[in-house]
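Peer 1: Below: sequence and its predicted model.
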Amino acid sequence: MIALLISICFTTRADAAASLVSYDTRHYKLYTDVDADLARDLAFRLDAMYDEYSRRLSAFGTSSVDRLDVYVFNKRADYNEFIQERLPNTGGVFIPSRNVLCAYLEDQGRDALRRTLQHEAFHQFAHWAISPNVPVWINEGIAQVFEEGIWTGRSFIVDQLPPRRLRQLQADLASGKLADFETFINTDHRSWAKMMHDRERGATQYNQAWAMVYFLVFAVDSNDKPLYRERFFKMLRIMHDGGDAQVAFESCFGTNYAGFERRFKEFANQLSVSRESKYVEQLEVLSDLLVEISSEESESFRDIRSFRQHLVDGGYRLTYTRGELKWQSDPDITTYFKDIDGRDLTGTSLNFVSSNRSVLPDIVLRPGGALEYRARFYFDFEGKMTREILIRGS
């Protein structure tokens, strides 16, 4: 499911929104029919994400604006009705003509919905704070950087490089699917939207935008000082002041697009996943395995050790698919019961914790450091057991 910035103009329908409950936050007016606990969580995260946008983009004068409208529907059908069936394969949209952000829960699940809102809320923020004419690759690239931010209950960790992003990037580099940079940087909204008709090209296009922005923001020199961040923000300031996007890029980075592309590829080939995102995926695999076992068997486990032994004895392995890109969980299932340095997670570092808010005991991962990772289980709209990953600072 892809979240989009929509530059076409259309009105929304009020019918689908008639029964929504409204929540006023510091920065948003949230209209939703999701359950109250989730609604409050989304409202709190939206405000925190707004504060993160403002902090990182403070040079653009982001302190005062009316509350922004956000609509979150339980059901996909209500979302589609609200946007008049214009974009049936999206998980969320920002509609500039109405300054409205909308998304839905249903088959996305809670984790994907939260990422969608982090992504779309940036488009809404950037539209008034930076410029309504930010080039699409920059707008989508920054939105995805914020989309991958990890919420700790107190703040966001934004510099994340998730395993799934790196897999996509490595596959696209190996197969030569990335667009040449001069063409990509000058892609307009119409051409971007046209490529979205092909799901595989669309996935590559989005990931390339994320990777290029990640490069410009987070690449560092031998002294760990950002290489391009200052020039990147200078480019945004030029556009904020009404400057032409191509002129802004070339004044900050030059016209040697081929050289810029080479430096990017050198950077990309040296990337490794971030610690926090690695642990998130580790817990996702373990919780997906527990869901699969629970849906097929009446097996219950006294502790993590018996769960681990059951997986080893059964030779379990999961296959994940994202378009043409497929990957399998590690054939050595015990990998997921170890920390990032290969040490076994034992005792309170990985265990089951009973919860009256969950249909199964939570899986709690405490690998050392300040963060606790928790998989919590619930039934979705179709009565299928699924999970969400919650991270909290200690």
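Peer 2: Sure thing, it's come through.
Peer 1: From now on I want contacts and neighbour counts done on CA atoms only, so please keep to that.
Peer 2: OK.
Peer 1: any idea how far the closest residue to residue 337 other than its chain neighbours lies from residue 249?
Peer 2: Excluding its sequence neighbours, the residue lying closest to residue 337 (C-alpha to C-alpha, 6 or more residues apart in numbering) is residue 345, at 5.6 Å. Computed as C-alpha to C-alpha, to the nearest Å, the residue 345 to residue 249 distance reads 47 Å.
Peer 1: and what of residue 180?
Peer 2: In terms of C-alpha to C-alpha, residue 180 sits 15 Å off from residue 249.
Peer 1: So between these two, which is more surrounded?
Peer 2: Using other C-alpha atoms under 10 Å, the more surrounded residue of residue 180 and residue 249 is residue 249, with 20 against 12.
Peer 1: what's near enough to touch the more buried one?
Peer 2: Neighbour list for residue 249: residue 235 [criterion: C-alpha atoms under 8 Å, 6 or more residues apart in numbering].
Peer 1: That one sits in which helix or strand?
Peer 2: Assigned by DSSP states H and E, residue 249 belongs to helix 245-253.
Peer 1: Buried residues in that helix, which are they?
Peer 2: 245, 246, 248, 249, 252 (16 or more other C-alpha atoms under 10 Å).
Peer 1: need the contact list for the residue most central in space within the chain.
Peer 2: Residue closest to the average C-alpha location in the chain (C-alpha atoms, centre = their mean): residue 147, at 3.3 Å. If you count contacts by C-alpha under 8 Å, 6+ apart, residue 147 has them with 115, 116, 117, 118, 119.
Peer 1: and the gap between the residue lying farthest from the centre of the chain and residue 334?
Peer 2: Residue distances from the centre of the chain (C-alpha atoms, centre = their mean) peak at residue 313, which lies 34.6 Å from the mean C-alpha position. Here the criterion is C-alpha to C-alpha. By it, residue 313 lies 11 Å from residue 334.
Peer 1: One more: residue 150?
Peer 2: Applying C-alpha to C-alpha, the value for residue 150 to residue 334 is 25 Å.
Peer 1: Comparing these two, which shows the higher neighbour count?
Peer 2: residue 150 (20 against 15).
Peer 1: can you map out the strands along the stretch 101-250 of the chain?
Peer 2: Along the stretch 101-250 of the chain, counting by DSSP state E, counting those that start in this stretch, strands occupy 150-151, 156-157.
Peer 1: so how far is the last one from its chain's centroid?
Peer 2: Here the centre of strand 156-157 is set off from its chain's centre by 12 Å, with C-alpha atoms, centre = their mean, to the nearest Å.
Peer 1: Thought residue 34 was touching residue 19, still the case?
Peer 2: No - between residue 19 and residue 34 there is no contact under C-alpha atoms under 8 Å: 11.2 Å.
Peer 1: Same drill for those two, tell me which one is more crowded.
Peer 2: Just comparing residue 19 and residue 34: by other C-alpha under 10 Å the higher neighbour count belongs to residue 34, 19 against 11.
Peer 1: Got phi/psi on the more buried one?
Peer 2: phi -70, psi 170 (degrees, to the nearest 10).
Peer 1: hang on, it packs against residue 43?
Peer 2: No - using C-alpha under 8 Å, residue 34 is not in contact with residue 43; the gap is 11.6 Å.
Peer 1: Please tell me how far the residue nearest to the centre of the chain sits from residue 378.
Peer 2: Taking C-alpha to C-alpha, one finds residue 147 at 23 Å from residue 378.
Peer 1: then stretch 255-262 to CSV, C-alphas only?
Peer 2: Once non-C-alpha atoms are left out, stretch 255-262 reads as follows in CSV (Å, rounded to 0.1, in the frame of the first residue of the first chain):
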residue,chain,number,x,y,z
THR,A,255,25.5,20.3,-12.9
ASN,A,256,27.6,17.2,-12.7
TYR,A,257,24.7,14.8,-12.3
ALA,A,258,26.8,11.8,-13.2
GLY,A,259,29.4,12.6,-10.5
PHE,A,260,26.6,13.1,-8.0
GLU,A,261,25.1,9.7,-9.0
ARG,A,262,28.5,8.0,-8.6
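Peer 1: ok, and what's touching that stretch?
Peer 2: 180, 181, 182.
Peer 1: Could you list the low-confidence segments of the chain?
Peer 2: Scanning the chain for pLDDT under 70 picks out the ranges 1-16, 61-65, 87-88, 298-299, 394.
Peer 1: Show me how it divides into domains.
Peer 2: 1-129, 160-273, 275-393 (automatic domain parsing).
Peer 1: Let me know which of those is tucked in deepest.
Peer 2: Highest mean neighbour count among the domains of the chain (mean count of other C-alpha atoms under 10 Å): domain 1-129, with a mean of 18.
Peer 1: Could you check how far that one is from the centre of its chain?
Peer 2: The answer for domain 1-129 is 14 Å, by C-alpha atoms, centre = their mean.
Peer 1: Could you number the chain from 411 rather than 1 from now on?
Peer 2: With the count now opening at 411, the last piece we talked about shows up as domain 411-539.
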